[in-house]
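> have a look at this fold, sequence not included:
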Ligand code: OOG
Ligand code: MG
């Protein structure tokens, strides 16, 4: 494939996915019509984000995907991926999320890291720890642009790892809480609907941060001070209907809450 042909394909796929997200409707999977390898899929993902940045959004961090077995099994994939977060995806704490513009939203409990020092490349656990300015319980709202969340790995990479929104609870001093093995609870309208442990995230969410640093270097980026890293879901994702209140709590971290309409 020639370079310019590749660039045209990347731009066309990014436009298709971005327009689907804006319109709140599904798009065809890239791999239904083209051979897409993960590297090219990441170029599509980047082009989708560039379109959002051109509309005034600012990069705010990254989200790791498929870092837990529960998620790999739920989605039928077997590799860790990432997506890019912008400020427009951040849902204010305790805020209200309008699901009208979304296609098929799901919610999942996560652990979030606040970056305090630049981090990229092959980093040691000690280096990763030193880069953390805060740890929080978080939730992610997913919304695949593919019907029924059915996709291959390159498809979901191109679709920015199904990212739609996220919320973060109060930041805690990383010295005060070890994120390795925290109990997580998801409640919808006060009813417990999922429980898990942060240990489900690669055995320790810190490993997810280390993987994010590695992916950053591969993408010629760095995790920057002020950025948020979502380490990945600790349980399978749950359907997110309108008109509910969701609370995600983690032992020692408090909670993050959102209502939908
Ligand atoms: C892809 C996103 C996966 C996670 O935390 O594992 C993800 C999807 O499930 O549609 O965000
Ligand atoms: Mg997630």
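It's in. These numbers come from a predicted model, not from an experiment. Ligands and ions are numbered 1, 2, ... in the order given.
> which residues sit in contact with the closest residue to residue 59 other than its chain neighbours?
Once flanking residues are discounted, residue 59 sits nearest to residue 86: 6.0 Å by CB to CB, 6 or more residues apart in numbering. Using the backbone N, CA and C atoms, a C-beta is placed for each residue, glycine as well. Shown in contact with residue 86 (CB atoms under 8 Å, 6 or more residues apart in numbering): 49, 52-53, 57-60.
> now residue 186, what's its secondary structure?
At residue 186 the chain is in strand, as set by DSSP: H, G, I helix; E, B strand; the rest coil.
> run through the residues that contact it.
107-109, 139, 192-195, 235, 238, 246-248.
> now it: closest residue in space that isn't a chain neighbour?
residue 194 (4.2 Å).
> can you count the residues close to that neighbour?
20 (other CB atoms under 10 Å).
> pretty sure it sits in a strand.
Yes: counting by three-state DSSP, residue 194 is found in a strand.
> circling back to that earlier point, turn the contacts of residue 86 into a markdown table, including pLDDT, distance to residue 155 and neighbour count.
Formatted as a markdown table, these follow (pLDDT from 0 to 100; distance: CB to CB, whole Å; neighbours: other CB atoms under 10 Å):
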| residue | pLDDT | distance to residue 155 | neighbour count |
| --- | --- | --- | --- |
| 49 | 98 | 17 | 20 |
| 52 | 98 | 19 | 20 |
| 53 | 98 | 22 | 14 |
| 57 | 98 | 23 | 15 |
| 58 | 98 | 26 | 10 |
| 59 | 98 | 23 | 16 |
| 60 | 98 | 24 | 17 |
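> how about the helices in the stretch 151-261 of the chain?
Per DSSP state H, counting those that start in this stretch, the stretch 151-261 of the chain carries helices over the ranges 153-158, 205-218.
> run through who's touching the shortest one.
With CB under 8 Å, 6+ apart as the contact definition, helix 153-158 has outside contacts at 13-14, 17, 29-31, 36-38, 40-42, 44-45, 48, 65, 75, 77, 79, 81, 83, 144, 146, 162.
> same thing but at 6 Å, please
Outside helix 153-158, the residues that touch it by CB atoms under 6 Å, 6 or more residues apart in numbering are 13, 29-31, 36, 38, 41-42, 44-45, 77, 79, 81.
> go on, the last one?
For helix 205-218, contacts defined as CB under 6 Å, 6+ apart pick out 62, 64, 67, 80, 82, 111, 113, 119-121, 123, 128, 179, 198, 201-202, 222-223, 229, 231-232.
> any buried residues in it, and which?
Across helix 205-218, burial judged by 16 or more other CB atoms under 10 Å covers 205-216.
> can you pull the residues of the stretch 51-200 of the chain lying near ligand 2?
residue 140 (CB under 5 Å from the ion).
> can you tell me how far residue 34 sits from residue 85?
Taking CB to CB, to the nearest Å as the measure, residue 34 falls 26 Å from residue 85.
> higher neighbour count, these two?
Between residue 34 and residue 85, residue 85 has the larger neighbour count (other CB under 10 Å), namely 26 against 13.
> can you check what angle separates whatever helix or strand the more buried one lives in from helix 205-218?
Using DSSP states H and E, the element containing residue 85 is strand 81-86. Calculated by axes from the mean of the first three to the mean of the last three CA atoms, to 10 degrees, strand 81-86 forms an angle of 80 degrees with helix 205-218.
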